[in-house]
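Colleague: Below are the sequence and a predicted model; questions follow.
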Amino acid sequence: MPTISMFYGIKITMNYNDHNPPHFHAEYQDYEVIVDIRTGSITGKMPRRALNLIWAWLDQHQEELLTNWERARAHRTLNQITPLP
């Protein structure tokens, strides 16, 4: 699963040939969530502070994430996305 960004100990990954809806995976310590790119809804558990950082990052990079989703579906190399400052 390629890593497309890392910030504040949070690793963001996206799978090739993954199921719809468009989403990414976020890992922090022993927690993991799946985040819907369009709605920000999550599946899994994550501390609230980490979730707030993930949602802030999603708001800044939603279009880039959707582009990466399409690239993954086409088996193309995924672009790295700028982490939160």
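Modeller: Sure thing, it's come through. Numbering: from 1, shown residues only.
Colleague: any idea where the strands of the protein begin and end?
Modeller: 3-7, 10-13, 23-28, 31-36, 42-45 (DSSP state E).
Colleague: right, so those strands: which one is the most enclosed?
Modeller: Neighbour counts (mean count of other CB atoms under 10 Å) averaged over each of those peak at strand 23-28, with a mean of 21. From N, CA and C alone the C-beta is placed, and that goes for glycine too.
Colleague: Show residues contacting it.
Modeller: 1, 4, 9-15, 32-37, 46-47, 50, 54, 65, 68-69 (CB atoms under 8 Å, 6 or more residues apart in numbering).
Colleague: so what pLDDT did Met1 get?
Modeller: Note for Met1: predicted pLDDT of 85.
Colleague: which residues of this structure fall in helices?
Modeller: Applying DSSP state H to the chain gives helices spanning 48-73.
Colleague: dump the residue contacts of His19.
Modeller: Residues counted as contacts of His19 (CB under 8 Å, 6+ apart): none.
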